[in-house]
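Asker: Kindly return the folded structure for what I paste below:
(chains A and B)
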There are 2 protein chains.
Amino acid sequence: MSPAQGRSRAGAGPGPGPGRGGRPGRGGRPGHDLESILRTAVRLFTERGYDATSMEDLSRALGITKSAIYHHVSSKEELLRLATGRALDGLFSAAAAVEALPGRAIDRLERLVRDSVAVLVAELPFVTLLLRVHGNTAAEREALARRRAFDQFTASLVKQAVADGDLRPDIDPVMTAKLLFGMVSSAAEWYRPERGGGSGPGGGGSGPGGGALAEAICKLAFEGLRT
Amino acid sequence: MSPAQGRSRAGAGPGPGPGRGGRPGRGGRPGHDLESILRTAVRLFTERGYDATSMEDLSRALGITKSAIYHHVSSKEELLRLATGRALDGLFSAAAAVEALPGRAIDRLERLVRDSVAVLVAELPFVTLLLRVHGNTAAEREALARRRAFDQFTASLVKQAVADGDLRPDIDPVMTAKLLFGMVSSAAEWYRPERGGGSGPGGGGSGPGGGALAEAICKLAFEGLRT
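Answerer: Next comes the predicted model:
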């Protein structure tokens, strides 16, 4: 994975740390720093679609003027870039950590699945938005290019694990990688950490960071459902 | 599964047969029967989002007037209802066929996975749109309600297979069902039947109806990836 692929071109921070406008009270009213603007934008983009959401809609939802928003970001597209960057930076951090690990590819692959679930759970609104982005603007195309780079990295791990004799060779490795991480991604549609417990419908987070969800995915994918 | 859940409330036909306006040349220009209007609408809804697509956009994309479109459908929402109905009717037909089968729940579950992949492949644009629908209008809420009924049916099959001792009991059955069909659904994002061949990136349809894709999903999910 090249550094250019691994780093956000939008310069989005790796998490909710003190970035530009991240200090409460800078500019708009208290509680309307960049982080809260971003979270509301992500909610609207996810509910209505990015194209269908205007800065006017965002201003109404936040109860602040458009110029108060423009104090923090230059455009709607910058909000999209920051939001998808949050999810992608998490996934690329996980990939970089796994790349640096010693040991067999299959173990690194399983670790990447677990860490990707943790990113999904920690950054759920951002990951959900990322998965609904389909490439109409430059920011969306950049996000899709980084998703493809992540897919290529996961496929390379699968190929290595097949070459090691640890993964079944009768499924195309690219397809295996897509199905495995497609299953992880699909959880963004129903996983809700606040419900807790692995036994209720729609639940799955009996431990912090979606431990039960990661466990279920790894058992299903690596060991199989059949007894 | 109740008949009310299994049947489309919108009265959408089960497939591309001769429905209302299905005869070429009725109303608009040749090639602009209901089926072609529907396919263009589905492409636009999927590319831009349902909310962001206007009947004006559709009229421009088709090169016909809005009144020529209204000759075939009463509203944008009717198009959405017909489109999601096409995907859901396919899935519910598969569920009904599986429900009628004798034998063990695990075999019916595996058959449902295979038949769902076949529906995904046969009705790819409609399934893709269905998966992007998130409940802002009555038609979207109806589609989501039918998706939930399908999920409940699949979860009931998983529960039965666990009770039979055929599926591992250490994953919550609802989660198993969600992950299994989440994996199937995720293929809508990358599966392209026209590329053919199971070995190329993004491919997967070496046989008709996505046979290689269904095979890969069933091996991964039921037998597991580990050698």
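Asker: List the buried residues in stretch A:162-179.
Answerer: A:162, A:166-168, A:171-179 (16 or more other Cβ atoms under 10 Å in any protein chain shown). All C-beta spots, glycine's among them, are computed from the backbone N, C-alpha and C.
Asker: sorry, that was for stretch A:97-114
Answerer: A:98, A:105-106, A:108-114.
Asker: ok, and of the residues you listed, which contact chain B?
Answerer: A:Ile106 (Cβ under 8 Å from any Cβ of the partner chain).
Asker: The buried residues of stretch A:97-114: which two are farthest apart?
Answerer: Across the buried residues of stretch A:97-114, no pair lies farther apart than A:Ala105 and A:Arg114, at 15.0 Å, counting by Cβ to Cβ.
Asker: check contacts around A:Ala188.
Answerer: A:120, A:124, A:127-128, A:131 (Cβ atoms under 8 Å, 6 or more residues apart in numbering or on different chains).
Asker: What average pLDDT does the host helix or strand of A:Leu129 get?
Answerer: Assigned by DSSP states H and E, A:Leu129 belongs to helix A:124-131. Here helix A:124-131 scores 96 as its mean pLDDT.
Asker: about what we covered before: max pairwise distance over the contacts of A:Ala188: which two?
Answerer: Pairwise distances across these (Cβ to Cβ) peak at 10.7 Å, for the pair A:Leu124 and A:Leu131.
Asker: how about the CA coordinates for stretch A:39-51, as PDB?
Answerer: The C-alpha trace of stretch A:39-51 is given here as PDB (Å, rounded to 0.1, in the frame of the first residue of the first chain):
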ATOM      1  CA  ARG A  39     -21.900  15.000  12.200                       C
ATOM      2  CA  THR A  40     -25.100  16.700  11.200                       C
ATOM      3  CA  ALA A  41     -24.000  16.900   7.600                       C
ATOM      4  CA  VAL A  42     -23.200  13.200   7.600                       C
ATOM      5  CA  ARG A  43     -26.700  12.400   9.100                       C
ATOM      6  CA  LEU A  44     -28.400  14.500   6.400                       C
ATOM      7  CA  PHE A  45     -26.200  13.100   3.500                       C
ATOM      8  CA  THR A  46     -27.000   9.600   4.700                       C
ATOM      9  CA  GLU A  47     -30.700  10.100   5.200                       C
ATOM     10  CA  ARG A  48     -31.400  12.200   2.000                       C
ATOM     11  CA  GLY A  49     -28.400  11.500  -0.200                       C
ATOM     12  CA  TYR A  50     -25.500  13.900  -0.800                       C
ATOM     13  CA  ASP A  51     -26.800  15.400  -4.000                       C
END
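Asker: Off-centre distance for it?
Answerer: Centroid displacement of stretch A:39-51 relative to its chain, using Cα atoms, centre = their mean, to the nearest Å, is 15 Å.
Asker: can it be found next to chain B?
Answerer: Yes - Stretch A:39-51 reaches chain B (Cβ under 8 Å from any Cβ) through A:46-51.
Asker: What residues sit buried inside that stretch?
Answerer: Buried residues in stretch A:39-51, counting neighbours by 16+ other Cβ under 10 Å, are found at A:40-46, A:48-51.
Asker: same deal with stretch A:55-70?
Answerer: For stretch A:55-70, burial by neighbour count (16+ other Cβ under 10 Å) applies to A:57-59, A:62, A:64, A:68-69.
Asker: For it, measure first residue to last.
Answerer: 9 Å (Cα to Cα, to the nearest Å).
Asker: average pLDDT across that stretch?
Answerer: Mean per-residue pLDDT for stretch A:55-70: 96.
Asker: ok, which stretches of chain A are helices?
Answerer: Assigned by DSSP state H, chain A shows helices spanning A:3-6, A:34-48, A:55-62, A:66-70, A:76-99, A:105-122, A:124-131, A:138-163, A:173-186, A:211-218.
Asker: Save those helices as JSON lines, and put in distance to B:Gly135 too.
Answerer: Shown next, in JSON lines, are the helices of chain A (distance: least, Cβ to Cβ, whole Å):
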{"stretch": "helix A:3-6", "distance to B:Gly135": "34"}
{"stretch": "helix A:34-48", "distance to B:Gly135": "9"}
{"stretch": "helix A:55-62", "distance to B:Gly135": "17"}
{"stretch": "helix A:66-70", "distance to B:Gly135": "26"}
{"stretch": "helix A:76-99", "distance to B:Gly135": "21"}
{"stretch": "helix A:105-122", "distance to B:Gly135": "21"}
{"stretch": "helix A:124-131", "distance to B:Gly135": "14"}
{"stretch": "helix A:138-163", "distance to B:Gly135": "22"}
{"stretch": "helix A:173-186", "distance to B:Gly135": "17"}
{"stretch": "helix A:211-218", "distance to B:Gly135": "23"}
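Asker: Now do A:Gly49, the pLDDT please.
Answerer: 85.
Asker: List the residues that contact A:Ala105.
Answerer: Applying Cβ under 8 Å, 6+ apart, we find A:Ala105 in contact with A:157-158, A:160-161, A:163-164, A:166.
Asker: before we move on, back to that, name the residue in A:Leu124 and A:Leu131 with the higher neighbour count.
Answerer: A:Leu131 (20 against 17; other Cβ atoms under 10 Å in any protein chain shown).
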